[in-house]
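In: Provided below for reference: sequence and predicted model.
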Amino acid sequence: MKELLSGEESLSTAFWFVGFAYVLSAFGMAALMGLVPHPAIILVCVLITVCFFIFYEISVWRCAGNTSWIGWSWAAKSIVVSRALFYIFQVPFLVKEDQATAGIISLLGIGADLLIGAVGICIYALLKVSRGNIESPSKKVETQAVHHAERAKALFLAGQYEAALVHFDKALLQGQSDDLTKGYQAMCLKRINQKQKQRRQS
């Protein structure tokens, strides 16, 4: 649960497994309210369902970036917003016991989710066919870090130590904290200090 709320789990776990658990819980609470229509039981069941729904929405939103393709992240967040809006619109009719209207809103919400998912699948398929690639947010940052590290090494070998240091700093800030990169950065600082001493002496 902690990993889901902090966004450390994969999007597939948050979206599919927690989503499936939520659906089962919602049906279970609805069945219990039908079998025992006591105000206290209904209130408890509604609170459990709402809390589980909020937990599910937060989990999917926080874990949206933990996927192989950024398109799934966008689709997941769009579905979270869509479900929240339809859920809010549905509640007043459930309170009024207008099951017909609530059912229509629920079906529209499911339709919106399916439409968002279909659009995501179509875009993904087109990118696969055209060999395109949209990286996930975390993967994109990782790629940028590697690029900065490689650029910094090239500048270092060319003797452009100040420019190299800028790229080394960017690489380390974006997570490229391997020993080789740190070693190059240390040598870069050493060369810059040596240059500054030479300038002062001359």
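Out: The structure has been received and is ready for your questions.
In: and the next element down the chain from the worst-scoring helix or strand of the chain on mean pLDDT?
Out: Ranked by mean pLDDT, DSSP states H and E, the weakest helix or strand in the chain is helix 137-157, scoring a mean of 69. Sequence order places helix 161-173 as the next helix or strand after helix 137-157, per DSSP states H and E.
In: Please name every helix or strand in contact with the longest helix belonging to the chain.
Out: When every helix of the chain is counted residue by residue (DSSP state H), the longest turns out to be helix 99-129. Secondary-structure packing of helix 99-129 (3 or more Cβ pairs under 8 Å, 6 or more residues apart in numbering; DSSP states H and E): helix 70-95. Just so you know, the C-beta spots here come from the backbone N, C-alpha and C atoms, and that holds for glycine as well.
In: List the residues that contact the nearest residue to residue 124 once chain neighbours are set aside.
Out: In space, and not counting its chain neighbours, residue 124 is closest to residue 71: 5.7 Å by Cβ to Cβ, 6 or more residues apart in numbering. Residue 71 makes contact with 120, 123, 124, 127, 134, according to Cβ atoms under 8 Å, 6 or more residues apart in numbering.
In: if I look at the first one, how far off is residue 126?
Out: Just to be clear, that refers to residue 120. 11 Å (Cβ to Cβ, to the nearest Å).
In: Which one's more surrounded, these two?
Out: The neighbour count for residue 120 versus residue 126, taken as other Cβ atoms under 10 Å, is higher for residue 120 (19 against 10).
In: mind listing what that one touches?
Out: Counting by Cβ under 8 Å, 6+ apart, residue 120 touches 71, 72, 74, 75.
In: Residue 112 now?
Out: 79, 82, 86.
In: Next, count neighbours for the first one.
Out: Number of residues near residue 79 (other Cβ under 10 Å) recorded here: 24.
In: Next, the contact list for it, please.
Out: 60, 112, 113, 116, 117.
In: Please consider this matter closed, and thank you.
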